[in-house]
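Asks: what's the 3D shape of this:
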Amino acid sequence: MATLALREIEGRSRGYWLLFIALAVLVAMGLGAAYHMETEGHIVTGMDNQTVWGLPHVFAVFLIVAASGALNVASIASVFDQRYYKPLAPLSGWLA
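Replies: As a prediction, this is how the structure comes out:
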């Protein structure tokens with residue numbers, strides 16, 4: 001079985017800065033979408049007086065389910081004593 005090692009990412013490479021810029025653009029798009037919903041109202045997400053389930057509710061349910069799935073990796077490492085998953089446990093807890 002291969003060993004898993006966590007290491008720091010050097011902040012000087014070209015790939016690092018490309019990833020940083022891509023994530024910054026993604027954050028800016030998210031902030032723009034939040035501003036649009038704040039100014040136009042929840043109607044832009046598909047909600048009105050008749051429809052109470054819009055996009056924010058669907059995303060909330062998805063994130064709850066995804067977080068519980070991410071924590072399964074940490075529980076496999078500790079409950080079942082699977083050494084292969086132990087290095088991934090802190091990351092799965094952080095992602096959840």
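Asks: going forward, measure contacts and count neighbours with C-alpha atoms only.
Replies: Noted.
Asks: what residues are up against Gly93?
Replies: Gly93 is in contact with 70-71, 74, counting by C-alpha atoms under 8 Å, 6 or more residues apart in numbering.
Asks: ok, and the most crowded of those residues?
Replies: The residue in the contacts of Gly93 with the most neighbours, by other C-alpha atoms under 10 Å, is Ala74 (21 neighbours).
Asks: Quick one: mean pLDDT for the longest helix along the chain?
Replies: Across the chain, the longest stretch assigned as helix under DSSP state H is helix 14-40. The average pLDDT for helix 14-40 rounds to 95.
Asks: Any chance of the contacts of Gly93 in JSON lines with distance to Val58 as columns?
Replies: Shown next, in JSON lines, are those (distance: C-alpha to C-alpha, whole Å):
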{"residue": "Ala70", "distance to Val58": "18"}
{"residue": "Leu71", "distance to Val58": "20"}
{"residue": "Ala74", "distance to Val58": "25"}
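Asks: Out of these, name the ones that lie in helices.
Replies: 70-71, 74.
Asks: Mind putting the residues you listed into CSV with pLDDT and distance to Glu38?
Replies: Converted to CSV, the ones in helices among the contacts of Gly93 look like this (pLDDT from 0 to 100; distance: C-alpha to C-alpha, whole Å):
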residue, pLDDT, distance to Glu38
Ala70, 87, 31
Leu71, 89, 32
Ala74, 83, 37
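Asks: re earlier: and which of the contacts of Gly93 is nearest to Thr3?
Replies: Nearest to Thr3, judged by C-alpha to C-alpha, of the contacts of Gly93 is Ala74 at 17.2 Å.
Asks: Was I right to think the closest one contacts Tyr85?
Replies: Yes - in this structure, Ala74 is within contact of Tyr85 by C-alpha atoms under 8 Å, at 7.2 Å.
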